[in-house]
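A.B. asks: 3D, please:
(one chain, ligands or ions: 2)
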Amino acid sequence: MDSIIVKGGGELNGQIPIAGAKNACLTLMPATLLSEEPLTLTNAPRLSDIKTMTELLSSLGAEVSSLQGGKVLAMSSHDLNNHTAHYDIVRKMRASNLVLGPMLARLGHAIVSLPGGCAIGARPMDLHIHALEALGAEIELKDGYLHAKAPGGLKGATHELRFASVGATENVVMAATLAKGTTVLKNAAREPEIVDLVQCLRKMGAQIEGEGSSTITIQGVDRLGGATHQVVTDRIELGTYMLAPAIAGGSVECLGGRINLVESFCEKLDQCGIQVEETEAGLKVTRKNGRVRAVDVVTEVFPGFPTDLQAQMMALLCTAEGTSVLEEKIFENRFMHAPELVRMGADIEVHGGHATVHGVERLKGAPVMATDLRASVSLILAGLAAEGETVVSRVYHLDRGYEHVVRKLSGVGAKVERVHLT
Ligand SMILES: CC(=O)N[C@H]1[C@@H](OP(=O)(O)OP(=O)(O)OC[C@H]2O[C@@H](n3ccc(=O)[nH]c3=O)[C@H](O)[C@@H]2O)O[C@H](CO)[C@@H](O)[C@@H]1O
Ligand SMILES: C=C(OP(=O)(O)O)C(=O)O
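C.D. replies: Ligands and ions are numbered 1, 2, ... in the order given. Sure thing, here's the model as predicted:
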């Protein structure tokens, strides 16, 4: 199993290119199931999750070709010959559930394994199910699989989500593009990845309005065509690399970054005393001498502070001057990085959905274990400024969401290497 070794200490300076968004690509790929014509995605990230989605779509009969070293995905779903998304693939990744809406809309039936819970929380599917039922689907849970059908086709309806779930919004928007009549989805999620999905669906011929607001209106059409679409910048990878100089010191320009993707996060960096500047090519982050200031952070749906940056922000706050409270409001079990950071000398108490971080002057390198994707990278970030060597094990989690992490961090002067330890 691979580990990442970080030798902390030096400042970081230079540029880091930011990839296309994992979470956008994982919803854009299943959109291919809605059409017989080809869908091509450019600026795709090179990640294991993208391979898993490729495997899943291929198992359903779609053709997915990875071109230009994986940066371009050329997909075609002319002949779908299977309507079952098997447990063996779905269990690897929550986002597999995003084939449900498109298959139901295109084929009138779908059998999709329940993705199940994962380390960060229970993550049920009730919001997806209720919303698709509102469009006329009949859904039953049998033997761990959701059996969904819409014998008379899906019909547009007005539905309000109990919570602005990203995945449920994506599933419903995709399903509604081919439903008869108008669907009005209220309390829809507003994340940039949803805006990106809608922009792609519109290129395919869908009639949708309101993306980026909490009411999305979809006028169903008979069929969708093909399109070429560029995946939006990964705001979570962006925020992660913006934290690297914030933690280690120095100045790093994140190429492709835009303020509107990370506004609430930048407000917190500003309160900590970290400077963020918009440049022609992206966002430049600079940390001057001295300790950062403590801040309180509450994770919220977009445009609030993203839960997917909470672990990385905690890594910064471990060495801040003063006490910070982080409140996690999206997932019920997303502080698993805290005990690992404590192994590095951090002073953190977790009580339910709150973590209180008393800033210490310096962290010390230690052997630590990655428990999930964002926890993994938070430990690498913490290691950048820690005294001595940090060895992060179980880094396969990292491969789900960060391409070339060692290359990107080494490129700005970090001492990071990946090793295979037996
Ligand atoms: C592939 C992808 O895009 N993943 C992102 C997506 O996950 P995902 O789409 O799974 O996140 P949701 O917005 O659906 O989940 C948010 C909360 O709603 C709950 N919930 C969700 C669905 C449901 O039917 N019932 C229910 O109770 C979840 O358990 C969680 O507590 O948005 C999350 C929140 O920004 C991010 O952390 C993930 O990185
Ligand atoms: C939680 C995440 O991903 P997923 O929804 O795919 O588990 C994430 O990207 O941080």
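
A.B. asks: Please name the bridge partners of Val419.
C.D. replies: Beta-bridge pairing for Val419 (DSSP bridges): Ser3.

A.B. asks: State the distance from it to Val392.
C.D. replies: 11 Å (C-beta to C-beta, to the nearest Å). The C-beta positions use only the backbone N, C-alpha and C, and glycine is treated the same way.

A.B. asks: cool, Phe305 as well?
C.D. replies: Relative to Val392, and taking C-beta to C-beta, Phe305 is found at 24 Å.

A.B. asks: Pick out whichever of these two has more residues nearby.
C.D. replies: Neighbour tally, Phe305 and Val392, criterion other C-beta atoms under 10 Å: the higher count belongs to Val392, 28 against 25.

A.B. asks: What residues does the chain have near ligand 2?
C.D. replies: 23, 93-95, 308, 373-374, 401 (C-beta under 6 Å from any ligand atom).

A.B. asks: Of the residues you listed - the most surrounded one?
C.D. replies: Going by other C-beta under 10 Å, Arg374 tops the residues of the chain next to ligand 2 with 28 neighbours.

A.B. asks: what touches both of Val419 and Val392?
C.D. replies: Residues touching both Val419 and Val392 (C-beta atoms under 8 Å, 6 or more residues apart in numbering): 3-5.

A.B. asks: Return the members of these classed as buried.
C.D. replies: 3-5 (16 or more other C-beta atoms under 10 Å).

A.B. asks: For ligand 2, state which of the residues you listed is nearest.
C.D. replies: Ile4 (17.7 Å; C-beta to the nearest ligand atom).

A.B. asks: Could you pull up the residues touching the closest one?
C.D. replies: Contacts of Ile4 by C-beta under 8 Å, 6+ apart are 380, 391-392, 395, 398, 405-406, 416-419.

A.B. asks: Return a ChimeraX selection command for the buried portion of those residues.
C.D. replies: Here is the ChimeraX command that selects the buried residues among the contacts of Ile4 (16+ other C-beta under 10 Å):
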select :380,391,392,395,398,405,406,416
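
A.B. asks: And the furthest pair within the contacts of Ile4?
C.D. replies: Val391 and Val405 (15.0 Å; C-beta to C-beta).

A.B. asks: Those residues of the stretch 1-150 of the chain touching ligand 1, which are they?
C.D. replies: 23, 26, 94-95, 121-128.

A.B. asks: Got the confidence number for Met289?
C.D. replies: Careful, residue 289 is Asn; it's not Met. For Asn289, the model assigns a pLDDT of 79.

A.B. asks: State the number of residues packed around it.
C.D. replies: Counted with other C-beta under 10 Å, residues neighbouring Asn289 total 5.
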